[in-house]
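Participant: Structure for this input, please:
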Amino acid sequence: MLIFMDTYKHEVKYYECDRMGITHHSNYVRIMEEARVDYLDQLGYGFDRIEAEGVVSPVISITCNYKHPTTFKDVIEVEVAISNMQDLKFEFTYTMRVGGKIVCIGQSTHCFMENGRPVVIARRLPELYEKISRVQNQPQDGK
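Facilitator: Down below sits the predicted model:
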């Protein structure tokens, strides 16, 4: 069964822009986090639930490849996908567009930990593992 997630939308705020009127590069990492939180909420297993079960999911690496600048009031549409999942970590990819044009491509890698120790997601959070397995590598919005 295919599961398609809605694209996350972020409108660039004035305070997110630098003196040149361009969205400051650091804001893309925040937008990726907003989109990731929304993605897991749509999946039905949000960070609030993960943390309530005693598990945290720190970022262990992050990359952004900037393609085109964005400016105040631009609406950045973010497609999120799980691109790789292993026992102890998984990766999200983010494709950000404005008006259909790719403005940034990002990736973040996360692990799962409980009490400061890594946990195997399939054993510790089997329902989340199953949900991620079903959507892994699937595009959003039926694309």
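
Participant: Let me see the ranges of the strands in the chain.
Facilitator: Under the criterion DSSP state E, the chain carries strands at the ranges 8-11, 59-66, 75-85, 89-98, 101-111, 113-114, 117-118.

Participant: Nearest to His24, out of those?
Facilitator: Comparison of these against His24 by Cβ to Cβ identifies strand 59-66 as nearest, at 11.1 Å. C-beta: built from backbone N, CA, C; applies to glycine.

Participant: Ile121 versus Ser108, what's the distance?
Facilitator: Separation of Ser108 from Ile121 (Cβ to Cβ, to the nearest Å) stands at 16 Å.

Participant: Contact partners for Asn27?
Facilitator: By Cβ atoms under 8 Å, 6 or more residues apart in numbering, the contact set of Asn27 is 12, 16.

Participant: tell me the pLDDT at it?
Facilitator: Per-residue pLDDT puts Asn27 at 98.

Participant: With the one 3 residues further on instead?
Facilitator: pLDDT for Arg30: 97.

Participant: what about it, neighbour count?
Facilitator: Arg30 has 12 neighbours, counted by other Cβ atoms under 10 Å.

Participant: Tell me how far it lies from Arg36.
Facilitator: Taken as Cβ to Cβ, the span from Arg30 to Arg36 is 11 Å.

Participant: And Phe112, by the same measure?
Facilitator: Phe112 sits at a distance of 14 Å from Arg36 (criterion: Cβ to Cβ).

Participant: so who does the spatially most central residue of the chain touch?
Facilitator: For the chain, Arg36 is the residue whose C-alpha lies nearest the centre (Cα atoms, centre = their mean; 2.8 Å). When contacts are counted by Cβ under 8 Å, 6+ apart, Arg36 touches 80, 92, 94, 108.
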